[in-house]
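In: build me a model:
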Amino acid sequence: MFNLIEIIENYFAHHLIFSAGLLLIMGYIFGQLSEQIKLPAITGYILAGILIGDSGLRLIRHENMQVLNVLSEVTLSFIAVIIGGEFSFFKLKLYGKKIILLTLSQMFLTFFLVTIGLILLGLPRYVATLLGAIAAATAPAATVVIVEKLRARGEFVDYLYGIVALDDAGTVILFSFAFALSASSISGVHTHLTHSIIHGLLEIFYSLFLGIVSGFIIHFTATRKRSINEIKILTLGLLFITTSIAISTKISPLIANMTVGMMLINLSKKNLRILTSLEPLTAPLYAIFFAIAGAELSLAIFKDTSVLLAGFIFILLRAGGKYFGIFLPGKRLGLQKPVRNYLGLALFPQAGVAIGLVLFVQASPIVQNASAAVQTEISKMINIVLMSVFCNELTGPPLAKIAILKNLKRR
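Out: Numbers count the residues shown, from 1 in each chain. Here you go, the predicted structure:
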């Protein structure tokens, strides 16, 4: 066994294609094993990544991981388009008000519970405030994969997709407020709250504008093509360009691509062909996306007892905010009992958006120029978020699957 690992490390691990192939094969094997014990395949993909990544056998080199992250960006663009494709004006008219209220309820309850809980635990207020905002983020990737795997449709999925989509935009605004409020404590210099808020709103505006333009272009070019292969080529090319523009200009590729999906589904029913043409490409992308996520997770974060305690409180309070933020207003809004009881569980997964926000904090010039004590606290904050991502990506998908299945049984 060890000879085989040495051979792989010495002769094959340097090759990018080998790394991609290994992630796919191991992801497939562990995905199948997970489904045998009634867990989502996602859990298996993540475990496979952990096994062959830095926390396990170290068969994926760091330089390869950086290149493979391009595949993660491509996968997220697909996922965002799929979510946006569920936002037809008919559904918005039917559920729109309730979706907005539920999104705000779970987002703010999560923010306040995590912030107050961590302050009581003894964390600095600026750290607790930032962690409270980051806790509001969900993981659309896990949600979409489970829904697509189960071929679930109906009221529950409409609410779920709607909340996940709006939650990302809401979290960007909430985080902008939180970072603006925390900036003075981090730097020791007074900063303008208005500037940070305007920056967050502009990011969302530009993301929406990019998505609208891209959606129109795809609609007018791909819809007229009869060949499904031509549709795939044009759609993929335009989605890649949209994603790259968003990343390069530091706006949200998730919001931009969600807007693309929303534009396509509302401009013409014929655009369903565009969305369905992407389906054959999604399975391998999902497998490698979550395997990469697992390979990037580090078990070293569990060595620090202070991080463990703060991380446990963070995870617990975040779960309470997500669940009761749906459950408590659900009855007043007239949600069906199975939807009210289980919708919050489907919001537990947490990944890309949370990591993106915490990396934004780490890379901020305000943090980089802060005192050593502040940088130590920020480093601890990053580890708390990574611990939450690790736990929620493993436990969140099974809970989301249970929630969806409970609502499938009643239909």
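
In: tell me the mean pLDDT for the one helix or strand Y45 maps to?
Out: Counting by DSSP states H and E, the element that carries Y45 is helix 41-52. Throughout helix 41-52, pLDDT has a mean value of 82.

In: mind saving the C-alpha coords of that helix as PDB?
Out: Extracted C-alpha coordinates of helix 41-52, given in PDB (Å, rounded to 0.1, in the frame of the first residue of the first chain):
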ATOM      1  CA  ALA A  41     -23.200  11.200  -2.600                       C
ATOM      2  CA  ILE A  42     -21.900  14.700  -1.800                       C
ATOM      3  CA  THR A  43     -20.700  13.500   1.600                       C
ATOM      4  CA  GLY A  44     -18.700  10.800  -0.100                       C
ATOM      5  CA  TYR A  45     -17.200  13.200  -2.500                       C
ATOM      6  CA  ILE A  46     -16.000  15.400   0.400                       C
ATOM      7  CA  LEU A  47     -14.600  12.400   2.300                       C
ATOM      8  CA  ALA A  48     -12.700  11.300  -0.800                       C
ATOM      9  CA  GLY A  49     -11.100  14.700  -1.000                       C
ATOM     10  CA  ILE A  50     -10.200  14.700   2.600                       C
ATOM     11  CA  LEU A  51      -8.600  11.200   2.200                       C
ATOM     12  CA  ILE A  52      -6.300  12.200  -0.700                       C
END
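
In: list the helices and strands that helix packs on?
Out: Identification of packing neighbours for helix 41-52 by 3 or more Cβ pairs under 8 Å, 6 or more residues apart in numbering; DSSP states H and E yields helix 16-36, helix 140-150, helix 279-296, helix 372-409. (Each C-beta comes from the backbone N, C-alpha and C, glycine too.)

In: and whichever helix or strand comes after that helix, what does it pack against?
Out: Later in the chain than helix 41-52, the nearest helix or strand by DSSP H and E is helix 62-84. Contacts defined by 3+ Cβ pairs under 8 Å, 6+ apart place helix 62-84 against helix 16-36, helix 140-150, helix 155-187, helix 228-248, helix 253-267, helix 279-296.

In: for helix 62-84, output the C-alpha coordinates as CSV.
Out: C-alpha atoms of helix 62-84 as CSV (Å, rounded to 0.1, in the frame of the first residue of the first chain):
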residue,chain,number,x,y,z
HIS,A,62,-0.9,22.4,-3.9
GLU,A,63,0.0,23.9,-7.3
ASN,A,64,-2.5,21.5,-8.9
MET,A,65,-5.2,22.5,-6.4
GLN,A,66,-4.9,26.1,-7.5
VAL,A,67,-5.5,25.2,-11.1
LEU,A,68,-8.3,22.8,-10.3
ASN,A,69,-10.1,25.6,-8.5
VAL,A,70,-11.0,26.8,-12.0
LEU,A,71,-13.3,23.8,-12.2
SER,A,72,-15.0,24.9,-9.0
GLU,A,73,-15.7,28.3,-10.5
VAL,A,74,-17.2,26.7,-13.6
THR,A,75,-19.4,24.4,-11.4
LEU,A,76,-20.6,27.3,-9.3
SER,A,77,-21.6,29.1,-12.5
PHE,A,78,-23.7,26.1,-13.6
ILE,A,79,-25.3,25.8,-10.1
ALA,A,80,-26.2,29.5,-10.1
VAL,A,81,-27.8,29.3,-13.5
ILE,A,82,-29.9,26.3,-12.4
ILE,A,83,-31.1,28.2,-9.3
GLY,A,84,-31.9,31.3,-11.3
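
In: buried residues in the helix or strand following that helix, which are they?
Out: Next helix or strand after helix 62-84 toward the C-terminus (DSSP H and E): helix 89-121. Within helix 89-121, the residues scored as buried using 16 or more other Cβ atoms under 10 Å are 91-92, 95, 98-99, 102-111, 113-115, 117-118.

In: where does V213 land on pLDDT?
Out: Looking at V213, the pLDDT reads 94.

In: how about it, what does it touch?
Out: Residues near V213 by Cβ atoms under 8 Å, 6 or more residues apart in numbering: none.

In: distance of the nearest residue to I228 once chain neighbours are set aside relative to I37?
Out: Nearest residue to I228 in three dimensions, chain neighbours excluded: S277, at 5.5 Å (Cβ to Cβ, 6 or more residues apart in numbering). According to Cβ to Cβ, to the nearest Å, S277 and I37 sit 34 Å apart.

In: re the thing from before, which of the helices and strands packed on helix 62-84 sits closest to K406?
Out: helix 155-187 (8.6 Å; Cβ to Cβ).

In: the closest one vs helix 372-409, what angle?
Out: Put simply, helix 155-187 runs at 180 degrees to helix 372-409, going by axes from the mean of the first three to the mean of the last three Cα atoms, to 10 degrees.

In: buried ones in helix 155-187?
Out: Buried-residue list, helix 155-187, by 16+ other Cβ under 10 Å: 155-183, 186-187.

In: with stretch 269-286 instead?
Out: N271, R273, I274, L275, S277, L278, T282, L285, Y286.

In: going by distance to L71, which of those wins?
Out: L285 (6.7 Å).

In: excluding chain neighbours, give the residue nearest to that closest one in space.
Out: T75 (4.4 Å).

In: could you list every residue that touches that neighbour?
Out: A141, L285, Y286, I288, F289.

In: which two among those residues are spaced furthest apart?
Out: Using Cβ to Cβ, these span at most 12.0 Å, a distance reached by A141 and I288.

In: of those two, who's got more company?
Out: The residue with more neighbours, out of A141 and I288, is A141; 28 against 23, by other Cβ atoms under 10 Å.

In: picking up where we left off before, buried ones in the helix holding Y45, by neighbour count?
Out: A41, I42, T43, G44, Y45, I46, L47, A48, G49, I50, L51, I52.

In: tell me how many other residues crowd F324.
Out: 17.

In: tell me the contacts of it?
Out: So F324 contacts L109, G344 (Cβ under 8 Å, 6+ apart).

In: avg pLDDT for the helix or strand hosting it?
Out: Using DSSP H and E, the element containing F324 is helix 305-332. For helix 305-332, the mean per-residue pLDDT is 88.
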